[in-house]
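# The following block contains a protein sequence and its predicted model.
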Amino acid sequence: MSATNADPHIHDVNPIVLILLGPPGAGKGTQARILEEKFGLVQLSTGDLLRSAVAAGTEAGKQAKSVMEAGGLVSDDIVISVLSDRIAQPDCSKGVILDGFPRTTVQAGELDNVLDNSKLKINAAISLEVDDSEMVTRISGRFTCGTCGEGYHDVYKRPKVDGVCDKCGGTHMKRREDDNPETVAERLKAYHAQTAPLITYYQGKEILKTVNAMSDINNISNALSNIVNTLRTDVKKDIGMKQEV
Ligand SMILES: [Zn+2]
């Protein structure tokens, strides 16, 4: 048994563990950054986690390194072990936002077990809800000026003169190839197929929260902040009750 489980006792209050679910284009990255700034939470993506564990040379990091060097996929066990090591670090004392993990209900169950051993739990799984056809319009309408990088949109922000950048007068407009309507629709479909079981899983545990991600950035971040504020109050109450016993 390696010493890889998070020890929440190094933190005064158990860190809040959030899972943020949302399809590409729903603004997940932006919202995670806002939560980081506002609440001191730390966003943990699987790739970053593995890279930093390898760099730090932890036990799990060494295991991950040898698997990755052999071109293999890092097992759930290793990912979860790296994750719980990371949550025990001082900078995660306020809480973490998991990004990209778990991806399956099997991983979700394993993660719950490991967190439970460390007296931690997922406090909320927050799903950024989108309207698929609206998302297709939003994403596939995007283009940028190839000269200065100014962003435009077919519907929401057309240049004053078609094909000419308002800002720099450039005439070379660029579109990302994978932003075409068919590809965006495919991406959304794949997201829903992968995420639906997780949504059901966290619904069953009564920790699923949904936020309308079609609203503007401030409304979304206010909704997320309300959720985090409620969770923090609950965590404090938990601790208060334990102390009274
Ligand atoms: Zn321009």
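Yep, it's here.
# how near is residue 223 to the ion?
Residue 223 is 34 Å from the ion, where distance means C-beta to the ion, to the nearest Å. Glycine gets a C-beta too; all of them are placed from N, C-alpha and C.
# now for whichever strand or helix holds that residue, which elements pack on it?
Here residue 223 sits within helix 217-244, counting by DSSP states H and E. Packing partners of helix 217-244 (3 or more C-beta pairs under 8 Å, 6 or more residues apart in numbering; DSSP states H and E): strand 16-21, helix 28-39, strand 124-129, strand 208-212.
# now what about the first one, what contacts it?
Okay, so that is strand 16-21. Identification of contacts with strand 16-21 by C-beta atoms under 8 Å, 6 or more residues apart in numbering yields 28, 31-32, 35, 41, 87, 94-99, 102, 115, 120-128, 195, 198-199, 202, 228, 231-232, 235.
# Can you tell me which residues in the protein are near the ion?
Proximity of the chain to the ion, by C-beta under 5 Å from the ion, involves residues 145, 147-148, 150, 165, 167-168, 170.
# Residue 171 in helix, strand or coil?
With DSSP: H, G, I helix; E, B strand; the rest coil as the basis, residue 171 sits in coil.
# Contact partners for it?
Residues in contact with residue 171, defined by C-beta under 8 Å, 6+ apart, are 163-165.
# Among the residues you listed, the buried ones, what's the PyMOL command?
Selection of buried members from the contacts of residue 171 for PyMOL, criterion 16 or more other C-beta atoms under 10 Å:
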select buried, resi 165
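# Go through the contacts of residue 171 and name the one nearest residue 218.
Relative to residue 218, the closest of the contacts of residue 171 is residue 165; by C-beta to C-beta it sits at 27.5 Å.
# about what we covered before: going through the residues of the chain next to the ion, which ones are buried?
145, 150, 165, 170.
# Those: which two are farthest apart?
Based on C-beta to C-beta, the longest span within those runs between 150 and 170 and measures 8.4 Å.
# pLDDT (mean, whole number) over stretch 132-151?
Stretch 132-151 shows a mean pLDDT of 95.
# May I see the buried residues of that stretch?
Residues 135-145, 150 are the ones in stretch 132-151 that count as buried (16+ other C-beta under 10 Å).
# Kindly report the same for stretch 72-81.
By neighbour count with 16+ other C-beta under 10 Å, stretch 72-81 contains the buried residues 74, 76, 78-81.
# Could you do stretch 116-132 as well?
Buried residues in stretch 116-132, counted by 16+ other C-beta under 10 Å: 118, 120, 122-130.
# measure it end to end?
Counting by C-alpha to C-alpha, to the nearest Å, you get 36 Å between the two ends of stretch 116-132.
# among the helices and strands packed on helix 217-244, which is the most enclosed?
Most buried of these, by mean neighbour count (mean count of other C-beta atoms under 10 Å): strand 16-21, with a mean of 24.
# Next, the residue of the chain positioned farthest from its centre: phi, psi?
Here the chain reaches farthest from its C-alpha mean at residue 161, the gap being 38.2 Å by C-alpha atoms, centre = their mean. Main-chain dihedrals, residue 161, degrees, to the nearest 10: phi -110, psi 130.
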